[in-house]
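> From the sequence below, what's the structure:
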Amino acid sequence: MPEKTKSTRSANAYAARQNKEAEKLRNLSDAELLHRQRELNDQLFRLKFQLKMGQTESLKKIRGLRKDIARARTLARGRALGFEPAPEQKA
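As a prediction, this is how the structure comes out:
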C-alpha cells in the first residue's frame with residue numbers, strides 16, 4: 001500500500017478548505033451573495049491600489065480574493081441558470 005506523501009496531504013487539505021469556502025457561499029441568499037461579491041470586489045480594489053502605491057506586497061491575499069470572487073460569481077451564475085439550488089429559507 002503506497003504511503004501518503006506530503007504533497008498529497010496538502011492537496012487534500014486545500015480541497016477541503018475550498019469546499020468549506022464554497023459551502024459558506026452556498027448558504028447565502030441571492031441578495032447576500034450579491035452583497036458578498038461587492039465586498040470582495042471592494043477589498044480587491046483596495047489591495048491592488050495599495051500594491052501600486054507600494055504599501056503592501058500581499059500577492060497571496062490578492063490571489064485568494066480573486067478565487068473567492070470567482071466562486072461567488074460561479075455560484076450566482078449557476079443559480080441563474082437553475083443548476084444550483086437556492087438555500088432553503090428558515091421558518
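
> okay, CA-based contacts and neighbour counts for the rest of this
Will do.

> Going along the chain, name the helices of the protein.
Taking DSSP state H, the helices of the chain run over residues 6-26, 30-53, 59-81.

> So which of these is nearest residue 88?
Proximity to residue 88 (CA to CA) singles out helix 6-26 among these, at 10.5 Å.

> any idea how far the residue at minimal distance from the centre of the chain lies from residue 74?
For the chain, residue 68 is the residue whose C-alpha lies nearest the centre (CA atoms, centre = their mean; 2.2 Å). Relative to residue 74, residue 68 is positioned 10 Å away (CA to CA, to the nearest Å).

> what do you get for residue 84?
For residue 84 relative to residue 74 (CA to CA), the value is 10 Å.

> If you count neighbours, what's buried in stretch 45-65?
47, 48, 62, 65 (16 or more other CA atoms under 10 Å).

> what's the closest non-adjacent residue to the first one?
The reference is to residue 47. residue 62 (6.8 Å; CA to CA, 6 or more residues apart in numbering).

> Can you verify my assumption that that neighbour contacts residue 45?
No: using CA atoms under 8 Å, residue 62 is not in contact with residue 45, being 9.3 Å away.

> and the gap between residue 32 and residue 38?
Here residue 32 is placed at a distance of 10 Å from residue 38 (CA to CA).

> cool, residue 53 as well?
Residue 53 sits 23 Å away from residue 38, taking CA to CA as the criterion.
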